[in-house]
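Asks: have a look; sequence and predicted model below, questions after that.
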Amino acid sequence: MGNYLFKSDTLDFAVLPSEKIEGPLGLGFPDDEHLSNVEKETLIPALCMQHVRRNQCAKPWTELAECSKKWHWASVALCRKHFEDSMKCSKKILSDPEFQEEMRKRYLELRATYRSTGIESKY
């Protein structure tokens, strides 16, 4: 009965499938520019949104956060203008193809650094 509580000695667990373990540290080749669907549809858009909120639309997002802290649950109704301003600013920048390409290149740089050093760099 105790054997059911422990993992089998014959199983090997890895982050990547065995055919994908390559490169200097087994994390993939740093110069590879192929993007998986997860990277295209999840990681790069998240990086874009993070960049927009911190840099280009920081003021409207900060105002929305302050309004939400002030009004708590009533902020849905009372902070509508701040929310609309924040979304308008974000949509304008996120819909720009040049910005998307810039963020894709930035993501590839961050991934190459991680694959070559094994250290995850902060944004």
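Replies: It's in. Numbering: from 1, shown residues only.

Asks: residues in contact with Leu43?
Replies: Tyr107 (Cβ atoms under 8 Å, 6 or more residues apart in numbering). Placement of C-beta: from N, CA and C, glycine included.

Asks: for Ser116, see how far away it is.
Replies: 18 Å (Cβ to Cβ, to the nearest Å).

Asks: before we move on, which element is Lys105 in?
Replies: helix 97-117 (DSSP states H and E).

Asks: what about the strand or helix carrying Met49, average pLDDT?
Replies: Using DSSP H and E, Met49 maps to helix 44-51. For helix 44-51, the mean per-residue pLDDT is 93.

Asks: please save the CA atoms from it in PDB.
Replies: Extracted in PDB, the C-alpha atoms of helix 44-51 (Å, rounded to 0.1, in the frame of the first residue of the first chain):
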ATOM      1  CA  ILE A  44       3.900  37.800 -25.800                       C
ATOM      2  CA  PRO A  45       0.500  39.500 -25.300                       C
ATOM      3  CA  ALA A  46       1.100  39.400 -21.500                       C
ATOM      4  CA  LEU A  47       4.500  41.000 -22.100                       C
ATOM      5  CA  CYS A  48       2.800  43.700 -24.300                       C
ATOM      6  CA  MET A  49       0.100  44.400 -21.700                       C
ATOM      7  CA  GLN A  50       2.700  44.600 -18.900                       C
ATOM      8  CA  HIS A  51       4.800  47.000 -21.000                       C
END
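
Asks: right, and the helix or strand after that helix?
Replies: helix 58-71.

Asks: and for that following helix, what's in contact with it?
Replies: Residues outside helix 58-71 that contact it (Cβ under 8 Å, 6+ apart) are Arg53, Ser75, Leu78, Cys79, His82, Phe83, Asp85, Ser86, Cys89.

Asks: flag the shaky bits of this protein, pLDDT-wise.
Replies: By pLDDT under 70, the low-scoring segments of the chain are 1-21, 23-24, 26, 123.

Asks: can you rerun that using 50?
Replies: For the chain, residues meeting the criterion pLDDT under 50 lie at 1, 6-14.
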